[in-house]
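> Below are the sequence and a predicted model for it; my questions follow.
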Amino acid sequence: MRNAVICIVGLSMTLFAKGPLNQEWDYQGVALSVPVSFEQTNRIVLPSKIVSKVFSKEKNLEIVTNGNQAFIKFSPMVETTKMQMEAEKEAKPQKQEIKYVQTGPTELYLLAEDDVTYSFILVPSKIDAQTITVTHTTIQKKELDYKETHTPFRNTLDALTQKIFSNKRLGGYESEVRHEEVASSTMIDIMHTQTFKGSKLTVFKFELHNKTNKGIEVQERDLMALTDQPIYRIALYYDNEIMEIPPYAKATAIIIVANDEVK
């Protein structure tokens, strides 16, 4: 497998505002400008394992890698104050002070296992330590296509269902937030809230709102009319043990269908 190279180049600018503690970036072939703390340890999380690192030692940069993570810290400078008394022939060190000096442009190359070259721009900033999570949709789609092709179909549907109901991220799936009412009655409203599109499958996510003062039980077959596409699975999540939507409460439903291009 060909090694990937990650290029991180510092900008000649400084940020003094308090930044977010976590950043998420999807690499699309264009260098990403990333503010990082110049006083604290930052963490970069890549989609695949880091195998080596190359950087300029003149930048006082310390880097430790572990798997797909790189921990980055700018080294402090030690300043020694010297004083010379009239009776002494030479000045003697009197005080040492550690200072973090805000540096300029910084270059960093991380070689990873995935077959892509990532480019970043590190901006040393007076902010708290950052955790920077990097994804690559193209690579994840390739992995997803392989999984959806080689994993038993029932297992794929089970994994999708569990992740969506657990609000976990679906790697390789394009997510589109929606807020569209698709059905309504005197008892219940159904809102289409999100669409996840993968390599071969698409998942529609819905919220069901109980408008009554009684519990409502919804069957999977009641939701079949929400799409005219061939359905692989319909699943409901009530978040309770009585398996119904409590009065004036909500439930979640998903419908898994085939993508248009693979029908």
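In hand now; what should we look at? Numbers count the residues shown, from 1 in each chain.

> What score does Glu217 have for pLDDT?
Looking at Glu217, its pLDDT is 92.

> pLDDT below threshold where in the stretch 101-250 of the chain?
Judged by pLDDT under 70, the stretch 101-250 of the chain has its weakly predicted residues at 101-103, 105, 115, 140.

> any chance you could map the strands in it?
107-112, 118-125, 131-135, 174-184, 188-197, 201-210, 231-237, 250-258 (DSSP state E, counting those that start in this stretch).

> Please identify the most buried of those strands.
strand 118-125 (a mean of 22; mean count of other CB atoms under 10 Å). The way it works is simple: take the backbone N, C-alpha and C, and place the C-beta from them, glycine included.

> helices and strands around that strand, which ones?
strand 4-9, strand 32-37, strand 107-112 (3 or more CB pairs under 8 Å, 6 or more residues apart in numbering; DSSP states H and E).

> can you rerun that using 10 Å?
strand 4-9, strand 32-37, strand 42-45, strand 69-74, strand 107-112, strand 131-135 (3 or more CB pairs under 10 Å, 6 or more residues apart in numbering; DSSP states H and E).

> Quick one: closest of those to Arg154.
For the helices and strands packed on strand 118-125, distance to Arg154 was read as CB to CB. The smallest value, 27.3 Å, belongs to strand 131-135.

> Alpha carbons of that closest one, as CSV, please.
Presented in CSV, the C-alpha positions along strand 131-135 are these (Å, rounded to 0.1, in the frame of the first residue of the first chain):
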residue,chain,number,x,y,z
THR,A,131,-8.6,17.9,19.1
ILE,A,132,-8.7,17.8,15.3
THR,A,133,-10.5,14.9,13.7
VAL,A,134,-9.9,14.4,10.0
THR,A,135,-12.1,12.3,7.7
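
> what distance separates it from the centre of its chain?
Remark: strand 131-135 is offset 6 Å from the chain centroid, using CA atoms, centre = their mean, to the nearest Å.

> contact partners of it?
Strand 131-135 is contacted by residues 6, 20-27, 32, 34-36, 42-47, 68-70, 72, 112, 118, 120, 122, 169, 171-172 when judged by CB atoms under 10 Å, 6 or more residues apart in numbering.

> cool, and stretch 145-163?
Against stretch 145-163 from outside (CB under 10 Å, 6+ apart): 144, 168-173, 196, 198-201, 203, 232-235, 237, 254, 256, 262.

> Throw the strands of the stretch 101-250 of the chain into TSV and include distance to Glu220, thanks.
Output for the strands of the stretch 101-250 of the chain, formatted as TSV (distance: least, CB to CB, whole Å):
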stretch	distance to Glu220
strand 107-112	43
strand 118-125	43
strand 131-135	33
strand 174-184	14
strand 188-197	13
strand 201-210	12
strand 231-237	4
strand 250-258	8
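
> Let me see the contact set for the nearest residue to Lys141 once chain neighbours are set aside.
Nearest residue to Lys141, sequence neighbours excluded (CB to CB, 6 or more residues apart in numbering): Gly172, at 4.9 Å. By CB under 10 Å, 6+ apart, the contact set of Gly172 is 135-148, 196-199.

> just the buried members of those residues?
135-137, 139-141, 143-144, 147-148, 196-199 (16 or more other CB atoms under 10 Å).

> Of those, which is the nearest to Met224?
Using CB to CB, these come closest to Met224 at Phe196, 19.3 Å.
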